[in-house]
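**Q** Let's see this in three dimensions:
(one chain, ligands or ions: 1)
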Amino acid sequence: MAIFPPQTRIWWNEPVAKAELVWIAVAFLWGLFMFFMMIYWHIYGKQNLSPVVGRIDPAVFEQRTSEFAEKFKVREEGNLGIPVAKPTAGGDAYMLARTFEWWPVLELEKGKSYKLHLSALDVQHGFSLQPINMNIQVHPGLEHIITLTPTEVGTFGVICNEYCGLGHHVMTGRIYVVEPGQGR
Ligand code: CUA
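**A** Numbering: from 1, shown residues only. Below you'll find the model as predicted:
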């Protein structure tokens with residue numbers, strides 16, 4: 001904040017230096033180029049997902065996820081007894097985000113496709129699947145439906161990469177990928 005008014009009051013009528021105009025033009029063209037790169041990468045770069053997104057009441061999403069977890073539960077894990085749900089191949093899978101957990105744990109079969117439904121119950125969270133680094137913003141009130149086909153067997157971690165509160169750094173989840181017809 002300036003204490004005294006500037007010496008030249010009508011500064012916006014001064015001519016813009018040529019170098020500045022050139023930089024404005026360069027920045028504009030670069031911005032335009034990067035805009036079209038987003039579309040290019042979406043189609044050819046396999047970087048961006050093609051989710052279906054719709055509105056959903058968080059209470060309804062919570063209800064559907066708990067029904068899903070109950071129906072497909074194969075075991076429980078950890079001290080808290082977090083259910084591990086193994087959905088039917090080709091079917092729907094649900095995972096919800098809430099402070100501070102991803103729930104439930106999923107067990108999927110390699111090479112099978114699933115419709116993964118993702119949403120949050122309270123605040124915005126960031127779904128980050130590691131180590132393959134697939135990232136999705138998860139908002140309360142919005143449901144992402146992603147067609148997911150695991151290509152590798154293993155244990156994949158889900159971390160939260162959107163700051164959501166004091167427990168943000170402990171907000172983890174898990175997805176197991178197993179060979180078809182096998183369990184863990
Ligand atoms: Cu959830 Cu950070």
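
**Q** Return the residues in contact with the one residue sitting closest to the centre of the chain.
**A** Residue closest to the mean C-alpha point of the chain, counted by C-alpha atoms, centre = their mean, is I136 at 1.4 Å. For I136, the contact set (C-beta atoms under 8 Å, 6 or more residues apart in numbering) comprises 49, 51, 118, 126-127, 144, 146. From N, CA and C alone the C-beta is placed, and that goes for glycine too.

**Q** Near the ligand, which residues of this protein? Just list them.
**A** 125, 160, 162-164, 168, 171 (C-beta under 6 Å from any ligand atom).

**Q** just to revisit the earlier point, from the contacts of I136, pick the one nearest W41.
**A** L49 (11.4 Å; C-beta to C-beta).

**Q** Could I get the pLDDT score of that closest one?
**A** The model reports L49 with a pLDDT of 77.

**Q** Report how many residues lie close to it.
**A** Other residues near L49 come to 13 when the count uses other C-beta atoms under 10 Å.

**Q** ok so it is a strand residue?
**A** No - assigned with DSSP: H, G, I helix; E, B strand; the rest coil, L49 falls outside any strand and is coil.

**Q** wait, is the residue nearest to the centre of the chain part of a helix?
**A** No - I136 is assigned strand when assessed by three-state DSSP, not a helix.

**Q** got the end-to-end distance for stretch 121-137?
**A** The first residue of stretch 121-137 is 13 Å away from its last residue (C-alpha to C-alpha, to the nearest Å).

**Q** now that stretch, how far from the chain's geometric center?
**A** 3 Å (C-alpha atoms, centre = their mean, to the nearest Å).

**Q** That stretch: which residues count as buried?
**A** 121, 125-129, 136 (16 or more other C-beta atoms under 10 Å).

**Q** What of stretch 78-85?
**A** 82-85.

**Q** can you map out the strands along this protein?
**A** For the chain, the strands defined by DSSP state E cover 52-55, 73-77, 82-85, 92-98, 101-103, 105-109, 114-120, 125-130, 134-138, 142-148, 154-160, 172-178.
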